[in-house]
Structures are given as C-alpha cells and as structure tokens.
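In: what shape does this take:
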Amino acid sequence: MQPLIIILLIFFSQIIKAKDFKADINHDKIDDIIYYPNEKGELKISISNKNGYNNSTVDLKYYYSDMDLNFPNFQSFHVNYKDGILKFEIKLAPKFLDGRIFILTCKGSDLLITSFFDVSINTMDQDIPKDTCYYKFSEPIKLVTLNIPIEKLKGNKDCKHSFKNVLSLESYLEEVRSGHIGEKPLERMKSYMANYPLSVKNLSTYNDIGYYLEKGKSYKESVFILEEVIEKFPDRTVAYINLGDAYFGLKNSPKAKEAYNKYIVQMKKSGKEAKIPKKVYERLK
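Out: Purely as a prediction, here's the structure:
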C-alpha cells in the first residue's frame, strides 16, 4: 500500500500547487501571484512593486447578480497569461452559467478588466442551446474597485448562439406544432438547415415548420424557412401563401403582396383558383 499512498500524495500535492498561479504580469522580472479562491469566493492577488508586493483581495460574489454561487464546489478556476493578456476562467458558477471568462491587463500594480465572456447552456432544452456573449468596456475597470455585478455595467454586448440539434427534424416539427418552439428559433432553424439540408424528402416537414412558426407569431423565423423552401423549390405553391401570411404578420405589405400574387398565379395555373382563400384577396387591396 505504501507506494500507492506516496503516488497519491504526490498527485494531490501537484493539484494543490497548480491552484495558485505565478507569472510576471507587470514585467518587472518578479513573479506575481494569483491565489485560488477560498470557500467564501475571495480571490487574493499579489502584484510585485519596488516596495515588495501590493496585496489585494477581490470578492468574486460582486461579479455575479441574482446567482447562488457555491465556491467550494467550483468545477475549476483557471488562470492563463499570454502576450500581456490575463484570463480568469470560472466554470460552473453558478450551475446554469457554464463558464465566465474575464479578460484583464495590468497597469502598474492594478489589474484592469477590459472585457468578459459568458457561456451558458440550457440543459432543459432538448437541443441544448449554447449562448456565448462577449461584453467589452470602453473604459477598463479596476478589478479591486468593482462592487456591483459586472453584467450591470454598461458595455458593448455581442452574443452568438449554437445548438446541438439532438431532436430529429420531425420531432422538432412536433415541438413547433405544439407551441413549444423554444428560445431563439431563428438560430435554431439555421442550425437545423445546416444539419438537415433541405431536400425533396424533408420539403413538406420544413414547409410545415414554417407554417406553424407563423401561427405561433414567430414571423421572422417563418420567413427564413419559407424563403429557403421557395428558393430551392419555386413550384411549392402552398409555401407562397404561408410566406405571405408571415410577411403580413411582420407588417411588410409589399413582400406579403408579392408572395400572395405568386400564390394566385400558381393556383390559377393548376386550375385551383376557386380554392384561394378570401383573405388573400382582402390583403391585396
């Protein structure tokens, strides 16, 4: 058993040492130290100067709002320093925020936050959407002076969304049909169309998704799908009336009329003029 105990002690000692980060952040040829947060969420930082070290403690609870943080159960707190840029990455704090990354620079003995990233994953959604939001500040913020949740500060925000598309296209149609279209359906549908390219086999499914999105007042998303359908299958007559309805919902009268007129032409061409709904003519007035 002794060799195993020795190996485990070496392994755990390496983990403990790896928690505290050392690097010459302010370029004075002396290592600065960033300590792993304690169970209260306090982050101790030591920046070297001509008189020794400038020590400060940051309460990470100020960096989140309306969140129940559990610092002893962090999945990880990781520090990275490269090309003058310092990054703090906090994983799973809180549970519904998959990660938050702070981007910092050093000026003298001060660490300044220039921007940060939030990565969140909605595990309640079957498609597991992932949002990555980037916040950039016009004026850097001193790390030690921040005393309000960082997301409440004014900063330029840019978000990107991605989906794993766990559901099949047919299953997603049922979600849309039932009214459970989820968040950000436009990005979701772009992802579905990338994973399930529009074809003769799934044409009807996509057309139905566009129809039910319009019925659920997701007009922009409906237009996106139906425009794709019509571009690849211009003879898909029913798609034109659905597209006209979606544009009508967006109050885009010119586009709605254009779609309705094409619908009428194709219905007359196939001898189905009598089946054209009255609302089409009414909306063309």
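In: any idea which residue is closest to the centre of this protein?
Out: With distances taken as CA atoms, centre = their mean, the residue of the chain nearest its centroid is residue 131 (1.1 Å).
In: what packs against the helix or strand harbouring that residue?
Out: Element membership for residue 131 (DSSP states H and E) is strand 130-142. Contacts defined by 3 or more CB pairs under 8 Å, 6 or more residues apart in numbering; DSSP states H and E place strand 130-142 against strand 110-121, strand 156-162. Just so you know, the C-beta spots here come from the backbone N, C-alpha and C atoms, and that holds for glycine as well.
In: show me where this structure has strands.
Out: For the chain, strands defined by DSSP state E occupy the ranges 21-23, 32-34, 42-49, 52-59, 76-82, 85-91, 97-107, 110-121, 130-142, 156-162.
In: any chance of those strands in a markdown table, with mean pLDDT and distance to residue 247 too?
Out: Output for the strands of the chain, formatted as a markdown table (pLDDT from 0 to 100; distance: least, CB to CB, whole Å):
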| stretch | mean pLDDT | distance to residue 247 |
| --- | --- | --- |
| strand 21-23 | 90 | 55 |
| strand 32-34 | 91 | 55 |
| strand 42-49 | 88 | 52 |
| strand 52-59 | 86 | 52 |
| strand 76-82 | 84 | 48 |
| strand 85-91 | 83 | 44 |
| strand 97-107 | 83 | 37 |
| strand 110-121 | 86 | 33 |
| strand 130-142 | 88 | 28 |
| strand 156-162 | 85 | 24 |
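In: give me whichever of those is most buried.
Out: Ranked by mean neighbour count, the strands of the chain are led by strand 32-34 with a mean of 21 (mean count of other CB atoms under 10 Å).
In: what's that one packed up against?
Out: Applying 3+ CB pairs under 8 Å, 6+ apart, we find strand 32-34 packed against strand 21-23, strand 42-49.
In: rerun that using 6 Å as the cut-off
Out: Helices and strands touching strand 32-34, as assessed by 3 or more CB pairs under 6 Å, 6 or more residues apart in numbering; DSSP states H and E, comprise strand 42-49.
In: contacts for the strand it packs on, please.
Out: 26, 28, 30, 32-35, 37, 53-60, 109 (CB atoms under 6 Å, 6 or more residues apart in numbering).
In: run the last query once more with 8 Å
Out: 25-26, 28, 30-35, 37-38, 53-60, 106, 108-111, 143-144 (CB atoms under 8 Å, 6 or more residues apart in numbering).
In: again, but for stretch 262-269
Out: Under CB under 8 Å, 6+ apart, the answer for stretch 262-269 is 235, 237, 240, 241, 244, 273, 275, 276, 280.
In: can you do 10 Å?
Out: 230, 234-244, 272-277, 280-281, 284 (CB atoms under 10 Å, 6 or more residues apart in numbering).
In: of those residues, just the buried ones, PyMOL syntax please.
Out: Restricted to buried positions by 16 or more other CB atoms under 10 Å, the PyMOL selection for the contacts of stretch 262-269 reads:
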select buried, resi 230+236+237+238+239+240+241+242+243+244+280
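In: among the contacts of stretch 262-269, name the ones in helices.
Out: Those of those mapping onto helices are 230, 237, 238, 239, 240, 241, 242, 243, 244, 280, 281, per DSSP state H.
In: between those, which is closest to residue 115?
Out: Set against residue 115, the nearest of the ones in helices among the contacts of stretch 262-269 by CB to CB is residue 243 (40.2 Å).
In: my guess is the closest one meets residue 213, correct?
Out: No - the criterion here is CB atoms under 10 Å, and residue 243 misses it with residue 213 at 11.3 Å.
In: mutual contacts of these two, please.
Out: Joint contacts of residue 243 and residue 213 (CB under 10 Å, 6+ apart) are 222, 223, 225, 226.
In: need the helices and strands packed on strand 130-142 in a markdown table (columns: distance to residue 190).
Out: Formatted as a markdown table, the helices and strands packed on strand 130-142 follow (distance: least, CB to CB, whole Å):
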| stretch | distance to residue 190 |
| --- | --- |
| strand 110-121 | 18 |
| strand 156-162 | 9 |
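In: give me the low-pLDDT residue ranges for this structure?
Out: Low-confidence segments of the chain (pLDDT under 70): 1-18, 61-75, 92-97, 181-184.
In: walk me through the domains of it.
Out: Domain segmentation of the chain under automatic domain parsing yields 2-162, 169-283.
In: pretty sure residue 186 sits against residue 224.
Out: Yes - between residue 186 and residue 224 a contact is recorded at 6.0 Å, counting by CB under 10 Å.
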